[in-house]
Each structure stands twice: as structure tokens, then as C-alpha cells.
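Q: Got a predicted structure plus its sequence, pasted below:
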Amino acid sequence: MTRPRTPTGLANLLQRAHLRVTLLAIALVGVSLLVVALFSLRAYVSDNLQLAARMAAYNVEAPMVFGDRDAAREALAVLGHSQPIAAIHARDTRNAHFVSWEAPTSALRALEQAFARFALGGPSTAPVQFHGQPLGTVEVHGSGRDLLSFIGIGLLCVLLCVALSGLAALRMSRRASRRIAAPLQELARTISAARQARQFHVRVGGAGITELQQLGDDFNALLAELERWQAQLRQESESLEYLARHDPLTGLANRRRFQQELEERLLAASLENGRLAVLFIDGDDFKTINDELGHEAGDEVLRVTAHRLRAQVRDNDLIARLGGDEFAVVLGPFTDGEQASRVAGDILCAMRNPIALPGGRLVNTTLSIGIALYPRHGEDAASLVRAADTAMYRVKQGGRNDFRVAEPIRPTLGDSVS
Ligand SMILES: Nc1nc2c(ncn2[C@@H]2O[C@H](COP(=O)(O)OP(=O)(O)OP(=O)(O)O)[C@@H](O)[C@H]2O)c(=O)[nH]1
């Protein structure tokens, strides 16, 4: 079973690839140059040896004619010392040894000569003649010193070039991979932030590479689109949330919110020994306004009524439109019966002013209000609303445009409200 590979960083991968390619290219070029130069040098050294062989033949010509071996040895030694030569041998026409010169031996010289034999093949030879008559031959063995030192220096140069180019390649590849990897890393970070934290306002910065810049621009455009969608969705959900809790005509809380909030306030009041008042409010003969002045006029009357109700209570009191021409107010938490009656009186008072309709027409309307107190008339939302509604109904029966406190379900001593 193959183990999954640990992912490698892009920058690291690019750097290693650059470095390998550069080093390989430079090593190949260096070695090729060295080989070419070596062949040229070998040809040059062979030519030199051939020249040296001819000079040796010329120098030993006279000593061979006179059989003067000392003079011949001396001439060969002078030549041998002035050139990179390992040995010179002169032979007569019967191939018998006449005279020789050999360079002093050492371990290094032995190595040079072995290399010379390997690189140059055999020795260079030249015939020794006197007036066209052959006297013998001269054999010149190269020392190989030039070739060896050239190879040594050449290899050193190649190594130096490889090392320097490696360093330069490393620097350049680091810079190049940073230019590629940095924008990609930023892109990855931005995508991750957008995906995990839904942060669509973030944007990718500029990249110095055309393709990466294009990628970043496209991604930014996508983020902008997502940001627009997100804002639109948020707006729609806020407006849905608002509609779910408010009456669209008056902007007051709707029946659903009224129920929830009344229950919450009752719970708080029960924990803190507080008191609440629920006012159930209904328009008087509202149907007539609708019938005589039109539905639009009825809507305006409802809006103005809501506005006037709002003006008569404190900010933290709850006002709701339960539907049609029915409104409800929750006063509290620390409201007693007298306070509730006072607010109801104020509301009736505020409705005395005629309402101006859009066409300039004025209309008068009144309200009937039933009041239920917590805990006197009920301990839960339903029984309180029922008690207030019943009280309001009694007002209607009594002639409208008035308020009335609900009948106590269990009389409480010391309660001053009647
Ligand atoms: N303009 C308008 N009228 C509404 C709206 N909702 C309900 N109504 C009307 O409000 C009227 C409510 O009448 P009721 O409360 O039943 O009767 P009323 O005429 O007020 O008489 P009493 O309540 O007995 O004083 C009905 O005619 C409904 O059609 C609304 O949003 N806008």
C-alpha cells in the first residue's frame, strides 16, 4: 500500500526545481567546454612534441656523425629542460641506443607521464639524417604536465562556476518563487476567510504576474458579487423579520409580537412582584368611516390613532394593533390602576381633536377602552386580554368613548381602583 505524500509548499518545490535545472545546465556546459578545450590542448601538445622531436633530431645530427655521445646528451638535456618533456631517446639506424635524456623522476612526474601516455598515445618521432642519408631516429616522450594542470584548473573553474551559479540560481529562484507563491498564498488565505467566516468584504491584493493578477481580479469580482448577495439577503431577512413582528399599516407591533412580549413582561412582573396593565382599545363606529369616506380614509384614521396612542405612553410601554380597528397597550411593569386609568383618560382626550384626511376633510372618531390589571384581573396573557376585552365591551354597551376597569375576579383588600 502506498502512503499518501505529505504536501510540499509551492515555493519549496519551485526553488528545488530551479536549482536542479540550473546546476545541471551549468555542469553540462562546463564539462563540455572542458572536453573541447582538452582536445584542442592535446592537438597543440602533440604538435609541440613533434616540433621538439625535429629539433632533437637536428641537434643530435652532428654528434651522431662524429659519434660524440656527450655532445648529443648535452644537446638533448638543453632541449629537455626547456620543454615539458619526460624523456628523449636517440637510436641509430639499427635501432641501437645511441643516447638518452630523462627528466628527474618523482611521484608527480610518474603520474604526469602515465597521463601523457594515456592522453597522447605514443611518443613523437623524427628521423636523424645527414645530407639525405638516415643516421637514426629520435623519440620524444611528453611529460603531460600541461595537460594535467589544465585539467586541474579547468575542473576547479567548473566547480567554482557551478557553486557561484548555484548560489545565484538559488537567490533568483527564491525571488521568483516568492513572486509566484506569495499571491497564491494570499489567495488561499482570502478564500479560506471567505469560506469559513463568510467575510466577503476581503479582497486579494495585486500580483506582479499577469495570470495571477487576472486570477485575483476575477476572484475579487466574485467576492464583490457575493458581498452584494449577502447584503441583499440580510436586508430581505431583516425586512421579513420586521414584517413578521409589525403591522405594516401603522408600524406598531402586530398581534404575534404583542402576545410574545406580553408573556415576557408577565414573567418579569411575576418574578419581581410587579404590576401590569393591559388596555384593550377599539374604534367606535369605525365601519361608518370606511363606508362613508372610503377605505383609504379609514387607513389614515388608523394611522393617526396609532400615532396619538404612541404619544400618550412611555417609550418602554408596548402598543400593538391586533387587527381591524383593535389596538392594545401594555403599561408596566410598575403600573397601578390609577396610572392605567389616567393613561386611558389621556388617550380619549387626545382623540378629541379631529383627524385631517389627505383630501383636507376632517373626521372625528372616538375609542372605547377596557383595562385589565395584573395580577388582579388575570395572571396570564389570555385571561388578562379577555378581561380587558370584556371591559371594553361594557364601554361599548354603555355608549362608547369611555374607559372601564375590568371586574375583579377575586376582590383584593386595599385595591383602590373601582
Ligand atoms: N380602513 C381599514 N378598515 C379596516 C381594516 N381592517 C378592518 N377594517 C374594517 O374595520 C371595521 C371594523 O368594524 P367593527 O369594529 O366590527 O365595528 P365598528 O364599526 O367599529 O363598530 P363598534 O366596534 O361596535 O363600535 C370593519 O368595517 C372592517 O372592514 C383596515 O386595515 N383598514
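A: The structure has been received and is ready for your questions. Numbering: from 1, shown residues only.

Q: for G399, phi and psi?
A: phi 120, psi 0 (degrees, to the nearest 10).

Q: Tell me, how many residues neighbour it?
A: Applying other CB atoms under 10 Å, we find 9 residues neighbouring G399. Yep, even glycine has a C-beta here, placed from its N, CA and C like the rest.

Q: Contact residues of the stretch 201-350 of the chain facing the ligand?
A: Within the stretch 201-350 of the chain, the positions near the ligand by CB under 6 Å from any ligand atom are 249, 282-287, 290, 295, 298-299, 302, 324-325.

Q: Would you format these as CSV with neighbour count included?
A: Below are those laid out as CSV (neighbours: other CB atoms under 10 Å):
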residue, neighbour count
L249, 13
D282, 21
G283, 22
D284, 19
D285, 13
F286, 19
K287, 12
N290, 16
H295, 10
G298, 24
D299, 14
L302, 22
G324, 12
D325, 21
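
Q: These in strands, which ones?
A: Secondary structure from DSSP state E places 282-283 of these in strands.

Q: Return the distance of the nearest residue to R178 once chain neighbours are set aside relative to the ligand.
A: In space, and not counting its chain neighbours, R178 is closest to A11: 6.5 Å by CB to CB, 6 or more residues apart in numbering. As judged by CB to the nearest ligand atom, to the nearest Å, A11 and the ligand stand 68 Å apart.

Q: so what pLDDT did A11 get?
A: With respect to pLDDT, A11 scores 71.

Q: how many other residues sit next to it?
A: Going by other CB under 10 Å, the residues that sit close to A11 add up to 19.

Q: distance of it from E261?
A: 59 Å (CB to CB, to the nearest Å).

Q: Shouldn't the residue nearest to R178 be within a strand?
A: No - using DSSP: H, G, I helix; E, B strand; the rest coil, the assignment for A11 is helix, not a strand.

Q: My guess is it contacts R175. True?
A: No - proximity of A11 to R175 does not meet the contact threshold set by CB atoms under 8 Å, at 10.6 Å.

Q: The helix or strand bottoming out on mean pLDDT in the chain: how far from the chain's middle?
A: The helix or strand of the chain with the poorest confidence is helix 107-120; it has a mean of 79 (mean pLDDT, DSSP states H and E). Centroid separation between helix 107-120 and its chain, computed with CA atoms, centre = their mean, to the nearest Å, is 64 Å.

Q: After it, which helix or strand is next? Please name it.
A: Next helix or strand after helix 107-120 toward the C-terminus (DSSP states H and E): strand 124-130.

Q: Show residues contacting that following strand.
A: With CB atoms under 8 Å, 6 or more residues apart in numbering as the contact definition, strand 124-130 has outside contacts at 46, 49-50, 52-54, 56-57, 60-61, 64-65, 90, 134-140, 142.

Q: Can you give me the buried ones in the top strand by length along the chain?
A: In the chain, taking DSSP E as the definition, the longest strand is strand 133-142. Using 16 or more other CB atoms under 10 Å as the test for burial, strand 133-142 gives 135-142.

Q: Packing partners of whichever helix or strand comes after it?
A: Counting by DSSP H and E, the next helix or strand C-terminal to strand 133-142 is helix 145-197. For helix 145-197, the packing partners by 3 or more CB pairs under 8 Å, 6 or more residues apart in numbering; DSSP states H and E come out as helix 10-66, helix 107-120, helix 210-245.

Q: now these in a markdown table, with distance to S149?
A: Conversion of the helices and strands packed on helix 145-197 to a markdown table gives the following (distance: least, CB to CB, whole Å):
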| stretch | distance to S149 |
| --- | --- |
| helix 10-66 | 10 |
| helix 107-120 | 9 |
| helix 210-245 | 52 |
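
Q: ranking these by mean pLDDT, which is last?
A: Going by mean pLDDT, the lowest-scoring of the helices and strands packed on helix 145-197 is helix 107-120, which has a mean of 79.

Q: other SSEs contacting that one?
A: Secondary-structure packing of helix 107-120 (3+ CB pairs under 8 Å, 6+ apart): helix 10-66, strand 85-92, strand 133-142, helix 145-197.

Q: What distance do you get for the closest residue to P358 other than its chain neighbours to L362?
A: Counting by CB to CB, 6+ apart, P358 lies nearest to E300, which is 6.4 Å off, once chain neighbours are set aside. Relative to L362, E300 is positioned 11 Å away (CB to CB).

Q: before we move on, what about S192?
A: Distance, S192 to L362, by CB to CB: 65 Å.

Q: Check L41 too.
A: From L41 over to L362 (counting by CB to CB), the distance is 121 Å.

Q: So for those two, which sits in the more crowded spot?
A: L41 (16 against 9).

Q: quick one: contacts for the residue in the stretch 101-250 of the chain positioned nearest to the ligand?
A: Relative to the ligand, the nearest point of the stretch 101-250 of the chain is L249 (5.6 Å; CB to the nearest ligand atom). The contact partners of L249, by CB under 8 Å, 6+ apart, come to 299, 302-303, 321.

Q: Try it again at 10 Å.
A: Residues in contact with L249 (CB atoms under 10 Å, 6 or more residues apart in numbering) are 298-300, 302-303, 306, 321.

Q: R257 now?
A: Per CB under 10 Å, 6+ apart, neighbours of R257: 244-247, 318, 320.

Q: switch to 7 Å and redo it
A: 245, 320 (CB atoms under 7 Å, 6 or more residues apart in numbering).

Q: Which of the residues in the helix or strand where it lies are classified as buried?
A: Using DSSP H and E, R257 falls within helix 255-272. The neighbour-count check on helix 255-272 (16+ other CB under 10 Å) flags 257-259, 261-262, 265-266, 269 as buried.

Q: Could you do stretch 127-134 as well?
A: V128.

Q: Tell me the gap between that stretch and the middle of its chain.
A: Relative to its chain's centre, stretch 127-134 lies at 90 Å (CA atoms, centre = their mean).

Q: what's the first-to-last distance across that stretch?
A: Using CA to CA, to the nearest Å, one end of stretch 127-134 lies 7 Å from the other.

Q: What's the mean pLDDT across it?
A: 90.

Q: repeat for stretch 332-346
A: Mean pLDDT, stretch 332-346: 87.

Q: Then stretch 371-388?
A: 95.

Q: Give me the residues contacting it.
A: Under CB under 7 Å, 6+ apart, the answer for stretch 371-388 is 259, 262-263, 266, 269, 275-280, 337, 340-341, 344, 370, 391, 403-406, 408-409, 412, 415.
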